[in-house]
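Participant: Predicted structure and sequence below. I'll ask about it afterward.
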Amino acid sequence: MTLKTSMLRKTLLASAIAIAMAGANAYAQDVTIWTLNFTSEAANNAIQKVATDFEAANPGVNVEIVTRGVDDHKTALRVAAGSDKGPDIYFSWAGLGLGGEYINAGFSLPLDKYYAEYKWDDRLTASSLSFSKIYKGGRHGVPFTFKGEAVYYNKALFKQAGIEKLPESYAELVAAAEKLKAAGIPAITFGGMVNWHVMRLMDVILESKCGAKKHDALKNMQADWTAEPCATASFAELSTWSKNYILSPFMGIDQSQSFNLFVGGRAAMMLEGDWLVQQLSEAGNLDGYDIFPFPTGTGRLYGFAEYHYISSKSPNSNLAAKFLDYFNSTPVQQELLGKISTTSVNKNVTYSNLRPMDKKWLDIFNKYTDVYMNGDQAFPLDVTTEYFRVINEVASGNIAAADAAKQLQTFISNRK
Amino acid sequence: MQITKLASDQRLQAALLIAPALIIYAVFAIYPMIDVVALSFQKWNGLDANRHFVGLSNYIDIFTKDPVFWVAFRNTITWTILSTIFPPLFGLLLALGLNQRLFARNSLRAIYYLPVIIAPIAVATMWRWMYDPFFGIFNQVLSLLGLQSWIKDWLGARDVALYSAFVAYVWQTVGFSMVLFLAGLQGVDKSLVEAARIDGADRWQRFRFVTLPALRPTITIVLVLSVISSLKAFDIIYGLTGGGPAQSTQMLALWAFTQSMQIFDFGRGSAISTVLLLITLAIVIPYMRWAQKREEAAE
């Protein structure tokens, strides 16, 4: 071996080690987050800004945010769960139905040590944290948002229909819808093309007609849908709403078109989450609208939590936890307020510059301590699909209420 | 010497030439197909480490317990029948028209072919907007014409939704049939057409007895491709209706995808895919054999 050859080999070896180290270093400093492409552009920009600020505060760190639509995100997570590739942090709904599957499959890293290290329990609200404790084997996920859903209404259209007092019971809500109808105003708008939109109406009717306990039992599939008269009555009520009070036609439009119609004054109400405040603000006249919780009479708020989970396959869990700690820190949450959600999961955030509707939401969140979840978060995925189908059949007038309960129960019974 | 001899072996040359394509085909087509059939006898949610053998359970479930399978089956058959009739028929008529000496003939050919190169999901988005019950062009035009009673929720009413989607599909695919027929028409012997004209055959007779028989191989190809592409109809339905309202426009390909990639029951999804594969083979193979025999007999 000549000296020249030996030197060349040494140089190559040194280069290879340097490249490998540089590669390993770059790899250790990358955090990939998979989240939704939110409807509000302000929300997407705000999340991107958090990532950029974190990078600036932590030189050498690269935070990559990958956004997808709801269905694409769910599919991508499933694929990632079955492979070695995937995100370090992923967004998911916190309920047992949608997010729970990934946790039960071991895709989420238990975060007990990070909860202790960063003292998140001292910083975040108890209601939002409750979802981190519902799984066996440790704490999972960190709260991202806590979403409430309520009725948004067009003040001018309510006035035009002579509705002076906001409905405080389900019967009063139906009476208000009847007044709107009599005034020639469609009471409420939904987009039937996306199954989950009309589902919201069925969910709140079930809560109103069955009460909290029976509603939960039906959604947990512990009660028989055909044996509970309130289930059939709820489907009948859904049929009444679709025939009389929903802006028609609605099965051929999606949620965004439904929103456009609402903003255009074509319908008086919309059943939406607190995220709509920002959308309404971006669309124009926020003062023309107000909100009230769907009056179910059970004292529970319709809503759900969204979480950030650290993947059990992440090689950078410490850095991922550090990012989540930064994300949920008081200054960052203060900055995000109103952009992603009306209220923060951080209890130290102050609400000094709230818009009136944000203030209304805050009052609602403070008033309600119990929550009932959306059907697509409560049911397993196959039952959710059937739930959607049956709801749409009833809303389209294709099947009777009793048949709807029977078909749903048959499906549930068949899967056992 | 030995190597030179081997290199000059034509069979070896052929094997070497097709080997890369064969390997890619085996990895990306044959293996997944076999795996799908195997999965149809297993239960797997995509998350568990192991798949469990369940025999015919997935097939029994889709045939007897699935409330959507038979709707999807019926829709797929309806769609296939319509697809075998209308796009080829309109494609043939367009090809005959655009085979004449017309002003801007090439531009017209390009215009009619244009939808074929647009992504189906983009076509779906476009047509969804046109079908919008409130602001879509169809209902706006009907309204302007005073035909209020004709106004419909084109994609939301179950009695018309499938056919509305089919119109968009025809718009997108007719150009493909047209191009194949145009290519076929270039192969029609002009001297035979001229001879028939001299013999006194009118326009219809020249088409019926000269052009049409010459187009027979093209017709076979167009029909087979139409059947295959219609059986796997997915993206246009996914983009237009998502299988709704209430699964009434569901198709087998989309339902297989829904079961596998949205409900994550890969066993059932694979069983539906296998059924679709068998239907495709049951239609296409006998038809191709029959067409081949007819061609051989004609020669």
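Facilitator: Sure, I can see it.

Participant: Run me through the strand neighbours of whichever strand in chain A runs longest, direction for each.
Facilitator: Assignment by DSSP state E gives strand A:142-154 as the longest strand of chain A. Paired strands of strand A:142-154, with direction, are strand A:269-273 (antiparallel), strand A:289-292 (antiparallel), strand A:300-310 (antiparallel) (DSSP bridges).

Participant: Adding mean neighbour count as columns, could you present those strands in TSV?
Facilitator: The way it works is simple: take the backbone N, C-alpha and C, and place the C-beta from them, glycine included. Converted to TSV, the strands paired with strand A:142-154 look like this (neighbours: other CB atoms under 10 Å in any protein chain shown):
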stretch	mean neighbour count
strand A:269-273	24
strand A:289-292	19
strand A:300-310	24
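
Participant: Include distance to B:Leu94 and mean pLDDT when you put these into JSON lines, please.
Facilitator: As requested, the strands paired with strand A:142-154 are exported to JSON lines (distance: least, CB to CB, whole Å; pLDDT from 0 to 100):
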{"stretch": "strand A:269-273", "distance to B:Leu94": "46", "mean pLDDT": "96"}
{"stretch": "strand A:289-292", "distance to B:Leu94": "51", "mean pLDDT": "96"}
{"stretch": "strand A:300-310", "distance to B:Leu94": "51", "mean pLDDT": "92"}
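
Participant: thinking again about what came up before, what's downstream of the longest strand of chain A, the next helix or strand?
Facilitator: Heading C-terminal from strand A:142-154, the first helix or strand you meet, by DSSP states H and E, is helix A:155-160.

Participant: just to revisit the earlier point, I'd like the mean pLDDT over the longest strand of chain A, please.
Facilitator: Mean per-residue pLDDT for strand A:142-154: 94.

Participant: what comes up buried for that strand?
Facilitator: By 16 or more other CB atoms under 10 Å in any protein chain shown, the buried positions in strand A:142-154 come out as A:142-154.

Participant: Could you point out the helix or strand that follows the helix or strand where B:Pro213 lies?
Facilitator: Per DSSP H and E, B:Pro213 falls inside helix B:212-214. Once helix B:212-214 ends, the next helix or strand along the chain (criterion: DSSP H and E) is helix B:216-231.

Participant: Contact residues of the stretch 151-300 of chain A facing chain B?
Facilitator: A:192-195, A:248-253, A:257, A:261, A:266 (CB under 8 Å from any CB of the partner chain).

Participant: Tell me which of the strands paired with strand A:142-154 lies nearest to B:Tyr113.
Facilitator: B:Tyr113 lies closest, by CB to CB, to one member of these: strand A:269-273, at 43.2 Å.

Participant: What is the distance between the closest one and the centre of its chain?
Facilitator: In terms of CA atoms, centre = their mean, to the nearest Å, the centre of strand A:269-273 is found 14 Å from the chain centre.

Participant: Keeping just the C-alphas, turn that strand into PDB.
Facilitator: The C-alpha coordinates for strand A:269-273 follow below in PDB (Å, rounded to 0.1, in the frame of the first residue of the first chain):
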ATOM      1  CA  MET A 269     -78.900  29.100  11.900                       C
ATOM      2  CA  MET A 270     -75.900  26.900  11.600                       C
ATOM      3  CA  LEU A 271     -74.600  24.300  14.100                       C
ATOM      4  CA  GLU A 272     -70.900  24.800  14.200                       C
ATOM      5  CA  GLY A 273     -67.900  24.800  16.400                       C
END
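
Participant: closest to A:Phe107 out of the strands paired with strand A:142-154?
Facilitator: strand A:300-310 (7.7 Å).

Participant: for that closest one, the distance to its chain's centre please.
Facilitator: Strand A:300-310 sits 6 Å away from the centroid of its parent chain (CA atoms, centre = their mean).

Participant: re earlier: show me the one of the strands paired with strand A:142-154 that comes nearest A:Asp30.
Facilitator: Ranking the strands paired with strand A:142-154 by proximity to A:Asp30 (CB to CB) places strand A:300-310 first, at 14.1 Å.

Participant: Next, the buried residues of stretch A:178-185.
Facilitator: Residues A:179-180, A:185 are the ones in stretch A:178-185 that count as buried (16+ other CB under 10 Å).

Participant: Now go through these and say which are in helices.
Facilitator: A:179-180 (DSSP state H).

Participant: picking up where we left off before, what residues does the helix holding B:Pro213 touch?
Facilitator: B:184, B:187-189, B:192, B:298 (CB atoms under 8 Å, 6 or more residues apart in numbering or on different chains).

Participant: Which other helices and strands does the helix or strand where A:Asp358 lies contact?
Facilitator: Assigned by DSSP H and E, A:Asp358 belongs to helix A:356-367. Under the contact definition 3 or more CB pairs under 8 Å, 6 or more residues apart in numbering or on different chains; DSSP states H and E, helix A:356-367 sits against strand A:142-154, helix A:276-283, strand A:289-292.

Participant: If we use 6 Å, what do you get?
Facilitator: With contacts taken as 3 or more CB pairs under 6 Å, 6 or more residues apart in numbering or on different chains; DSSP states H and E, helix A:356-367 sits against no other helix or strand.

Participant: That one: how far from the chain's middle?
Facilitator: Worked out by CA atoms, centre = their mean, helix A:356-367 lies 18 Å from the chain centre.

Participant: after it, next one along is what?
Facilitator: On the C-terminal side of helix A:356-367, the closest following helix or strand by DSSP H and E is strand A:370-372.

Participant: Could you spell out the sheet neighbours of that following strand, each with its direction?
Facilitator: Strand A:370-372 has these strand partners (DSSP bridges): strand A:300-310 (parallel).

Participant: The residues of the stretch 151-300 of chain A next to chain B, buried ones only, as a ChimeraX selection?
Facilitator: The ChimeraX selection below is limited to those of those classed as buried (16+ other CB under 10 Å):
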select /A:192,193,194,195,249,250,251,252,253,257,261,266
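
Participant: The closest residue to chain B within chain A and A:Asn195, how far apart?
Facilitator: Going by CB to the nearest CB, chain B is nearest to A:Gly252 of chain A, at 2.7 Å. In this structure, A:Gly252 and A:Asn195 are 13 Å apart, going by CB to CB, to the nearest Å.

Participant: Check the gap between the closest residue to B:Leu231 other than its chain neighbours and chain A for me.
Facilitator: Leaving aside its sequence neighbours, B:Leu231 sits nearest to B:Thr280 (CB to CB, 6 or more residues apart in numbering or on different chains; 5.0 Å). Taking CB to the nearest CB, to the nearest Å as the criterion, B:Thr280 is separated from chain A by 25 Å.

Participant: and the strand or helix carrying B:Thr280, which residues are buried?
Facilitator: Following DSSP H and E, one finds B:Thr280 within helix B:266-298. In terms of neighbour count (16+ other CB under 10 Å), helix B:266-298 has its buried residues at B:266-277, B:279-280, B:283-284, B:291.

Participant: B:Leu96: how many residues sit nearby?
Facilitator: 16 (other CB atoms under 10 Å in any protein chain shown).

Participant: one step back: now do the helix holding A:Asp358 against strand A:269-273, angle only.
Facilitator: 60 degrees (axes from the mean of the first three to the mean of the last three CA atoms, to 10 degrees).

Participant: can you pull the alpha-carbon coordinates of helix A:356-367 into CSV?
Facilitator: Taking C-alpha atoms only, helix A:356-367 is exported to CSV below (Å, rounded to 0.1, in the frame of the first residue of the first chain):
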residue,chain,number,x,y,z
PRO,A,356,-68.0,39.7,21.9
MET,A,357,-68.5,36.3,20.3
ASP,A,358,-65.3,35.0,21.7
LYS,A,359,-66.4,36.2,25.1
LYS,A,360,-69.7,34.3,24.6
TRP,A,361,-67.8,31.2,23.9
LEU,A,362,-65.6,31.7,27.0
ASP,A,363,-68.8,32.0,29.1
ILE,A,364,-70.1,28.8,27.6
PHE,A,365,-66.9,27.0,28.3
ASN,A,366,-66.9,28.3,31.9
LYS,A,367,-70.5,27.3,32.4
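
Participant: Can you give me the buried ones in that helix?
Facilitator: Buried-residue list, helix A:356-367, by 16+ other CB under 10 Å: A:357-358, A:360-362, A:364-365.

Participant: In contact with the residue of the stretch 151-299 of chain B found nearest chain A, which residues?
Facilitator: Per CB to the nearest CB, B:Gly156 is where the stretch 151-299 of chain B lies closest to chain A, at 2.7 Å. B:Gly156 makes contacts with A:249, A:251-252, B:245, as judged by CB atoms under 6 Å, 6 or more residues apart in numbering or on different chains.

Participant: I'm done for today, thanks for sticking with me.
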